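Colleague: have a look; sequence and predicted model below, questions after that.
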Protein chains: 2
Amino acid sequence: MAVMTRWLDPDEQRTWRAFLAASRALMDTLDRELQRDAGMPHAYYEILVRLSEAPGRQLRMSDLADAAGSSRSRLSHAVARLEAAGWVRREDCPTDRRGQIAVLTDDGFATLAAAAPGHVEGVRRHLFDALSPAQVDQLRRISETLAEHLTRS
Amino acid sequence: MAVMTRWLDPDEQRTWRAFLAASRALMDTLDRELQRDAGMPHAYYEILVRLSEAPGRQLRMSDLADAAGSSRSRLSHAVARLEAAGWVRREDCPTDRRGQIAVLTDDGFATLAAAAPGHVEGVRRHLFDALSPAQVDQLRRISETLAEHLTRS
DNA sequence: GCCATTTGGTTGAACATTCAACCATTGCGC
DNA sequence: GCGCAATGGTTGAATGTTCAACCAAATGGC
């Protein structure tokens, strides 16, 4: 027989919609601020951040995709744009001839350094300033649980 | 003098990155499932949901945009596509000649009814099944606080 | 009533993302 | 080493989103 749908009860419904609204509003706001102040969307900012933290400010494309939570295709297109902007450079991988290495340029690093304070301020204002320390802790646990759960399933 | 950036401390950093990864992974997963099973992205699904809940299954474009958390422009493009799919119809507003009313068609309602069980199951599996009841409650409070905070600022 | 402003909505272009197809290289089974 | 599946990455087309410009109708001040 058909499996019955496990519908959401009113509390779950409310939680899901609130989460949807809040996360969308937060990301939209940060995205708009970043676009206005740094001329790039948040996804591109995150690529630069990951590169800046990597040894030699460089990463294999697929490692970068994983770090930035992006698909390979998306990253490929994104790096093409970042390269056109002069913020990233591509190099051949010496140990694997299929590989490509994305390198953060000095120009890219400077752009990131200029954008970071404003963005961090935004994250603080729109997220952390609204929550109590206990809630921040709860949000961390919830998020880590969810991320773990999603990669397993 | 320059205002010092209030950088994130390690705990905040960890929270922010976990939240980013989790919410992105969750939305990506649900989006992919909905695209595969119902042939539409989550944003379009939500438009249909809001219409289905409105009296007469219809809403003014700007009310629909607010309800679905969408910009007017985005909604305009989206409704154009939903109309082409035969799921939504546009009508003139009788009381305000600038206005347009989006109406959910029977076909659209049927499509939504067919898509809902699978999507709800996805929300349950990927979100609620991973969290304790206490965490669900925490997530609701956090999300409502955030949404409130974001609309005020 | 008239004009300026605001509101409601659309449009097209630029940009971003997805999807499937593709190519080259590598690693594996044997 | 040969054949073949798996890996790493790119590409182009289709789709979705944003941004700024725009038009029409309604509103408010006077």
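Modeller: The structure has been received and is ready for your questions.
Colleague: packing partners for the longest helix seen in chain A?
Modeller: Secondary structure of chain A read by DSSP state H shows that its longest helix is helix A:10-38. Judged by 3 or more C-beta pairs under 8 Å, 6 or more residues apart in numbering or on different chains; DSSP states H and E, helix A:10-38 is in contact with helix A:42-53, helix A:106-126, helix B:10-38, helix B:133-152. Placement of C-beta: from N, CA and C, glycine included.
Colleague: switch to 10 Å and redo it
Modeller: Applying 3 or more C-beta pairs under 10 Å, 6 or more residues apart in numbering or on different chains; DSSP states H and E, one finds that helix A:10-38 contacts helix A:42-53, helix A:106-126, helix B:10-38, helix B:42-53, helix B:106-126, helix B:133-152.
Colleague: would you mind listing what in chain A touches DNA strand C?
Modeller: A:40-41, A:43-44, A:70-71, A:73-74, A:77-78, A:81, A:96-98 (C-beta under 7 Å from any atom of the strand).
Colleague: which of these lies closest to residue B:152?
Modeller: residue A:41 (24.7 Å; C-beta to C-beta).
Colleague: run a quick neighbour tally on that closest one.
Modeller: Number of residues near residue A:41 (other C-beta atoms under 10 Å in any protein chain shown) recorded here: 15.
Colleague: from residue B:145, how far off is it?
Modeller: As defined by C-beta to C-beta, to the nearest Å, residue A:41 lies at a distance of 26 Å from residue B:145.
Colleague: helix or strand: which one has the residue in chain A that DNA strand D sits nearest to?
Modeller: The minimum distance from chain A to DNA strand D, using C-beta to the nearest atom of the strand, falls at residue A:62 (2.9 Å). If you go by DSSP states H and E, residue A:62 is part of helix A:61-68.
Colleague: give the buried residues for that helix.
Modeller: Buried residues in helix A:61-68, counting neighbours by 16 or more other C-beta atoms under 10 Å in any protein chain shown, are found at A:61, A:64, A:65, A:67, A:68.
Colleague: which secondary structure elements does it contact?
Modeller: Helix A:61-68 is packed against helix A:42-53, strand A:58-60, helix A:72-84, strand A:100-104, with contacts defined by 3+ C-beta pairs under 10 Å, 6+ apart.
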